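1. sharing a model prediction with you, sequence too.
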Amino acid sequence: MELSDRILKFELDGFSSLLINPITGAIDVAPKQILDDMPDSAKEHLDSRGYFFSEDERTEILRGLQSTYEQHSQNVPYWFYVLTTLNCNFGCPICYEKQTLENSETTPQKLEKIIKTVSEFQEEHKIPSERMNLVIFGGEPLCASDPNVVRQIFDTSVQHNWKDVIVTNGSRAKRFIDMFVEYSNTISDFRVTLDGPQSIHDARRPYRGGRGSFNDVVDAIELLLENNLRVKMQTILGSGNIQHYDELMSFVDKRGWLQYPNFEWRIEGSHDYANLDPEKDEISEGKIVQKLIQSWEEHPELHGKLKFESFKYLGHITRSFGWLGEYKTYWGPKFGFCEPQKDFHYVFSTDGNIYHCPRTINNPDFYVGNTKEGVVSDEELKHKTILDREDCLPCSINTLCGGGCVVQKKYHPQLNCKEYASSVISEFVDLMKSKILERANPTKIVPINDLW
């Protein structure tokens with residue numbers, strides 16, 4: 001018996017290998033000598049973990065696993081981004097909306113049409129209200145010239161029993177604090193970005209005139225926390241700030257924010273799938289996750305507070321080893337890459353047009369509908385699982401990747417999706433090699449996780 005050639009095998013040193021089975025989810029650390037000799041006990045173990053399968057069996061297993069994904073999908077939240085304005089008072093050099101920022105706003109009349117479209121979508125798809133979320137977005141959404149537009153969103157959410165998430169730079173939180181407290185029961189949380197210690201944050205998140213925003217953002221976070229509003233502080237890690245993450249960690253700890261039950265810290269990667277340009281602050285997912293694991297081990301006070309929301313390729317491996325705890329509800333096989341590609345995510349621009357995701361606002365290539373016709377996405381952007389895509393079904397790592405980013409594929413049609421995803425996984429295994437070897441046993445195969 002031989003391992004399927006679709007098994008991922010990484011040489012850790014001269015004695016041990018890491019095996020990842022994208023079909024059953026099994027991850028094992030095995031002595032190379034045992035894999036070479038394959039005694040009966042090893043064959044029995046590997047067979048029970050699904051390492052021996054034919055192509056027909058592989059397809060059958062994939063189709064069987066789809067029910068796990070579909071069952072999870074019955075509880076996934078829907079996110080409807082509502083842009084109050086495309087204007088912003090910050091001049092962030094790493095902003096991915098640079099090409100779309102303009103003096104365009106959503107009027108109360110336009111907002112009524114957006115809400116009607118969202119409500120009809122909910123009714124058509126029979127979505128329970130507890131799965132419905134409106135994301136107040138921009139530009140900087142609190143730069144809307146008519147603050148009653150924000151109030152109108154809150155009133156609508158109260159009426160429909162929806163929840164609201166406010167993605168804001170924090171600069172105008174004080175002006176709206178009374179309204180926020182008034183509608184605290186419908187507000188799920190605030191996403192406020194703090195990107196490093198003062199000098200680093202000010203360089204990455206300055207006002208348009210060049211003045212730093214660090215002190216204003218810190219004041220906004222504390223104001224929201226003190227008013228018992230939930231803050232999910234965001235840090236976008238890139239090449240320009242990852243070396244200063246520990247300084248930011250010390251600052252957050254000293255401010256006492258980790259002691260607030262209504263505080264969480266969300267980490268995302270500064271990675272633009274449309275550009276794939278390291279000169280634009282991008283950094284690999286592997287390096288980000290490695291840094292988070294290091295912080296998680298060194299700072300137990302982060303447990304239950306630190307969340308990494310942007311696992312695209314490394315979620316299953318990281319969870320299997322228990323390196324960042326267990327805070328996600330689903331760690332099974334990926335049949336889709338991201339929430340927009342799985343039809344759980346829509347972005348309403350200020351003109352009522354609907355787009356695929358926040359990174360595609362006002363981009364006609366990713367137009368998926370409008371307030372007159374509803375969602376009318378074209379064939380290319382319609383939800384397809386890895387079983388529906390001709391290029392994904394035969395791929396050996398499809399359950400780890402989920403099909404890849406359609407934005408990335410649009411702008412980089414020559415990119416080999418499999419090679420790209422494989423390079424992310426390979427880099428991460430190499431970065432974590434010493435920790436993986438802590439699990440190695442020279443005399444037996446060590447199972448790391450349970451099967452899907």
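-> Cool, the structure landed. All values reported here derive from a predicted model rather than from experimental measurement. Numbering: from 1, shown residues only.
2. what about residue 399, neighbour count?
-> 24 (other Cβ atoms under 10 Å). Placement of C-beta: from N, CA and C, glycine included.
3. assign a three-state SS to the closest residue in space to it that isn't next to it in sequence, would you?
-> Sequence neighbours aside, residue 333 is the residue nearest to residue 399 in space, at 3.7 Å (criterion: Cβ to Cβ, 6 or more residues apart in numbering). Following DSSP: H, G, I helix; E, B strand; the rest coil, residue 333 is assigned to coil.
4. pretty sure residue 333 sits against residue 67.
-> No - between residue 333 and residue 67 no contact is recorded; they are 10.7 Å apart, counting by Cβ atoms under 8 Å.
5. neighbour count winner among those two?
-> residue 333 (22 against 9).
6. flag the shaky bits of the stretch 51-200 of the chain, pLDDT-wise.
-> Low-confidence segments of the stretch 51-200 of the chain (pLDDT under 70): 98-102.
7. hmm, back to that, spit out the contact partners of the residue nearest to residue 399.
-> Counting by Cβ atoms under 8 Å, 6 or more residues apart in numbering, residue 333 makes contact with 22, 25, 62, 65, 68-69, 399, 452.
8. and residue 437, by the same measure?
-> Contacts of residue 437 (Cβ under 8 Å, 6+ apart): 12-13, 16, 29.
9. at 7 Å what do you get?
-> For residue 437, the contact set (Cβ atoms under 7 Å, 6 or more residues apart in numbering) comprises 12-13, 16.
10. and for residue 186, the neighbour number?
-> 19.
11. what's the distance between the residue nearest to it when sequence neighbours are not counted and residue 20?
-> Closest residue to residue 186 apart from its sequence neighbours, by Cβ to Cβ, 6+ apart: residue 157 at 4.6 Å. Distance of residue 157 to residue 20, given as Cβ to Cβ, to the nearest Å: 42 Å.
12. can you give me the strands for the stretch 251-400 of the chain?
-> Using DSSP state E, counting those that start in this stretch, the strands of the stretch 251-400 of the chain run over residues 263-269, 306-308, 345-348, 353-355, 367-370, 374-375.
13. got TSV for those strands, with distance to residue 429 too?
-> What follows is the strands of the stretch 251-400 of the chain, written out as TSV (distance: least, Cβ to Cβ, whole Å):
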stretch	distance to residue 429
strand 263-269	18
strand 306-308	18
strand 345-348	30
strand 353-355	35
strand 367-370	36
strand 374-375	39
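14. nearest to residue 382, out of those?
-> Among those, the nearest to residue 382 by Cβ to Cβ is strand 367-370 (8.9 Å).
15. paired strands for the closest one, with orientation please.
-> Strands that pair with strand 367-370, judged by DSSP bridges, come out as strand 353-355 (antiparallel), strand 374-375 (antiparallel).
16. pick out the shakiest of these, pLDDT-wise.
-> Looking over the strands paired with strand 367-370, mean pLDDT reaches its minimum on strand 374-375, with a mean of 92.
17. ok, residues contacting that strand?
-> For strand 374-375, contacts defined as Cβ under 7 Å, 6+ apart pick out 117, 120-121, 346, 354, 368-369.
18. what do you get for stretch 398-414?
-> With Cβ under 7 Å, 6+ apart as the test, stretch 398-414 has contacts from 22, 273-274, 276, 313, 316, 333-338, 341, 359-360, 365, 381, 386, 389, 392, 415, 417, 421, 425.
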